[in-house]
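J.: Take a look and give me a structure for this.
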Amino acid sequence: MVKLKKTDAILLAVICLVVVNIVYVQKYINGKSGSKTTPFVSRQTTTPLVNEQENKPGYNFIVQPNLTRNCETKCPNYQDQSHCRIFVFIKSACSGVHKRNMIRSTWASVSYIEGCVFMTTFVMGNPLNDTKAAVKQEMSVHSDILQYDGPDDYRNITTKTLAGMHWATANLKSEDIYISADDDIVVDIIKLQRAIQQFNETRAANSWPEFPIICGLGLMKGFLPHRINKSKWFISTDEYRWPSYPNFCLGGMYATSISVLSQLLEIGRSTRPLHLDDVWITGILRSKLGLPDTMLVTSDHSLSVHLDGFSGMNAEQSLTKVRQNWTPIFNSLTNETCFCN
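T.: Have a look, this model is predicted:
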């Protein structure tokens, strides 16, 4: 039997220890890499942890809208490529079909107005209930739904907004106008279209490199985070540590170009999301992009009416309220308006 020298024995022991550690670490790494994380925020109502360094969700779209909508027969100018195009992405819950139908029968019924194509799309998630078949049936009738395979609850509203942003930047032109809207507002589309024209002229007059962000419901300045955790708008200091937010648009409605939207989306890939989508997108991301407060603009005229979630109203009362606000807008429409929905 060969006897090892003391130094050889020590060296052999060290080598064995190193090998054992390498095997252990490799098993640990393999185990970690084998557990895939979901690209979406949890469907739970509480806010889960989000990777602060990356926000690169892979969106699987179950249902997508039809951009043509076959409007040419009713609206001959609909496909004229020289005209501006306005796309409204409405955040909607799968269960909110009555709200979608109210919108379809009022302000979203307009398809063309004073030289601009006008199109609405409802963005919704994939709920864990039996509404899937109903959504497919609804889509077969209306062709205006964008459904992604992700959460549909309010706490994950930013994820839903991002889904619409991803689809818009992938399918629309850089000069097209993107509008984010809630499903409890009535849009004055004639004033909206004219405001877009006005700010196009303002952009040219001021040599702005991009189209501004139009706050259609309100511009918030010096707004303080809600630190009471029972609040619907609660934000902890871990999520956002500063004493006030950058100026931002209320999320009920805001508009910008697809060009600006794509840049905000790119900034968002390396920025921790907040569940307050309006603060995050038009405040935090805008600020990081470098788009100044002077390009966060409002119109001299009210562009929309907020109906506060139809609080205390049943379906019939909600419809009556929407029609009451829509009627004067409808009566103000010019002959250069076309309906094909």
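
J.: In PDB, could you pull the C-alpha coordinates for the helix or strand containing Thr202?
T.: Per DSSP states H and E: Thr202 is located in helix 189-206. As requested, the backbone C-alpha atoms of helix 189-206 are provided in PDB (Å, rounded to 0.1, in the frame of the first residue of the first chain):
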ATOM      1  CA  ILE A 189     -64.400  63.100 -30.400                       C
ATOM      2  CA  ILE A 190     -64.800  66.300 -32.400                       C
ATOM      3  CA  LYS A 191     -62.900  68.300 -29.700                       C
ATOM      4  CA  LEU A 192     -60.300  65.500 -29.500                       C
ATOM      5  CA  GLN A 193     -59.700  65.500 -33.200                       C
ATOM      6  CA  ARG A 194     -59.300  69.200 -33.200                       C
ATOM      7  CA  ALA A 195     -57.000  69.100 -30.200                       C
ATOM      8  CA  ILE A 196     -54.700  66.700 -32.000                       C
ATOM      9  CA  GLN A 197     -54.600  69.000 -35.000                       C
ATOM     10  CA  GLN A 198     -53.900  72.000 -32.700                       C
ATOM     11  CA  PHE A 199     -51.000  70.200 -31.000                       C
ATOM     12  CA  ASN A 200     -49.600  69.100 -34.300                       C
ATOM     13  CA  GLU A 201     -49.400  72.800 -35.200                       C
ATOM     14  CA  THR A 202     -47.900  73.600 -31.800                       C
ATOM     15  CA  ARG A 203     -45.300  70.900 -32.300                       C
ATOM     16  CA  ALA A 204     -44.300  72.400 -35.600                       C
ATOM     17  CA  ALA A 205     -44.300  76.000 -34.300                       C
ATOM     18  CA  ASN A 206     -42.000  75.100 -31.300                       C
END
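
J.: buried stuff in that helix?
T.: 189-196, 198-200, 203 (16 or more other Cβ atoms under 10 Å). C-beta coordinates here come from the backbone N, C-alpha and C atoms, glycine included.

J.: Repeat that for stretch 111-118.
T.: By neighbour count with 16+ other Cβ under 10 Å, stretch 111-118 contains the buried residues 111-114, 116-118.

J.: Show the average pLDDT along it.
T.: Average pLDDT, stretch 111-118: 89.

J.: sorry, back to before: tabulate the buried residues of helix 189-206 (CSV), appending pLDDT and distance to Leu303.
T.: Output for the buried residues of helix 189-206, formatted as CSV (pLDDT from 0 to 100; distance: Cβ to Cβ, whole Å):
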residue, pLDDT, distance to Leu303
Ile189, 94, 9
Ile190, 94, 10
Lys191, 96, 5
Leu192, 96, 5
Gln193, 95, 10
Arg194, 95, 9
Ala195, 96, 6
Ile196, 96, 10
Gln198, 96, 11
Phe199, 97, 11
Asn200, 96, 15
Arg203, 97, 18
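
J.: Save these as TSV, and put in distance to Phe248 too.
T.: Formatted as TSV, those follow (distance: Cβ to Cβ, whole Å):
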residue	distance to Phe248
Ile189	24
Ile190	26
Lys191	22
Leu192	19
Gln193	24
Arg194	24
Ala195	18
Ile196	20
Gln198	21
Phe199	17
Asn200	22
Arg203	20
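
J.: For Pro127, which non-adjacent residue is closest in space?
T.: Nearest non-adjacent residue to Pro127, counting by Cβ to Cβ, 6 or more residues apart in numbering: Asp152, 4.4 Å away.

J.: How are the strands of the stretch 151-300 of the chain distributed by residue range?
T.: Secondary structure of the stretch 151-300 of the chain (DSSP state E, counting those that start in this stretch): strands at 177-182, 185-187, 213-215, 219-220, 248-249, 253-257, 296-297.

J.: Mind checking the pLDDT average for the third one?
T.: If you average the pLDDT over strand 213-215, you get 98.

J.: Could you do the second one as well?
T.: What strand 185-187 shows for mean pLDDT is 96.

J.: so what does it touch, helix or strand wise?
T.: strand 304-306, helix 315-331 (3 or more Cβ pairs under 8 Å, 6 or more residues apart in numbering; DSSP states H and E).

J.: Run me through the strand neighbours of that strand, direction for each.
T.: The sheet places strand 185-187 alongside strand 304-306 (antiparallel), with pairing taken from DSSP bridges.
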